[in-house]
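Asks: here is my input, please return the structure:
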Amino acid sequence: FAAWQARLDPAAERALRLSLELPRPDDVAQPGAEAVTVDLDLFVWHLGLACGRYVLLDQPADAWHVPLASLTVLRVERYSRQPRHLELARRLAQAPATPERLRRHVLVGVAELRGFVQACLFLGLVHWVREGDARR
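Replies: Okay, the predicted model is just below:
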């Protein structure tokens, strides 16, 4: 991680990227000759997409109705070229929006929206806007 890279078993990397299957850490495993090296931020993006089914990072009590905001949302293009992800990023670039409004605006499923939000939260691309938050 010090070099901002992660080394993964190729099958684990594919399963994470394509099936949103979380890799299983192994304390004694060492990367083999066929290990894949990926940029750490790309690895974290895919982890976030896969972790959308879990509690969102710093999730407020009523997360569905608490706005998300970002100043760096345009960086999403580095991680995803999916039209729905790019449209979610464009919507967030306009103004803070709740997950509920994002879902209605982009017509995206709850699971995909949660994965997108989790990935953005993991990378610090978005943050929850709470009452009295100075980062609005």
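Asks: only alpha carbons, please: show the longest helix anywhere in the chain as PDB.
Replies: Ranked by residue count, the top helix of the chain under DSSP state H comes out as helix 110-123. Below are the C-alpha coordinates for helix 110-123, written out as PDB (Å, rounded to 0.1, in the frame of the first residue of the first chain):
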ATOM      1  CA  VAL A 110     -30.900   0.800  -5.200                       C
ATOM      2  CA  ALA A 111     -28.100  -1.800  -5.200                       C
ATOM      3  CA  GLU A 112     -26.100   0.000  -7.900                       C
ATOM      4  CA  LEU A 113     -26.700   3.400  -6.300                       C
ATOM      5  CA  ARG A 114     -25.500   2.200  -2.900                       C
ATOM      6  CA  GLY A 115     -22.400   0.700  -4.500                       C
ATOM      7  CA  PHE A 116     -21.700   4.000  -6.300                       C
ATOM      8  CA  VAL A 117     -22.200   6.000  -3.100                       C
ATOM      9  CA  GLN A 118     -20.000   3.600  -1.100                       C
ATOM     10  CA  ALA A 119     -17.200   3.700  -3.600                       C
ATOM     11  CA  CYS A 120     -17.300   7.500  -3.600                       C
ATOM     12  CA  LEU A 121     -17.400   7.700   0.200                       C
ATOM     13  CA  PHE A 122     -14.400   5.200   0.400                       C
ATOM     14  CA  LEU A 123     -12.400   7.500  -1.900                       C
END
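Asks: sec struct for residue 14, please.
Replies: Assigned with DSSP: H, G, I helix; E, B strand; the rest coil, residue 14 falls in the helix class.
Asks: can you get me a residue count around it?
Replies: By other Cβ atoms under 10 Å, 13 other residues sit near residue 14. C-beta here means a position set from N, CA and C on the backbone, and glycine is covered the same way.
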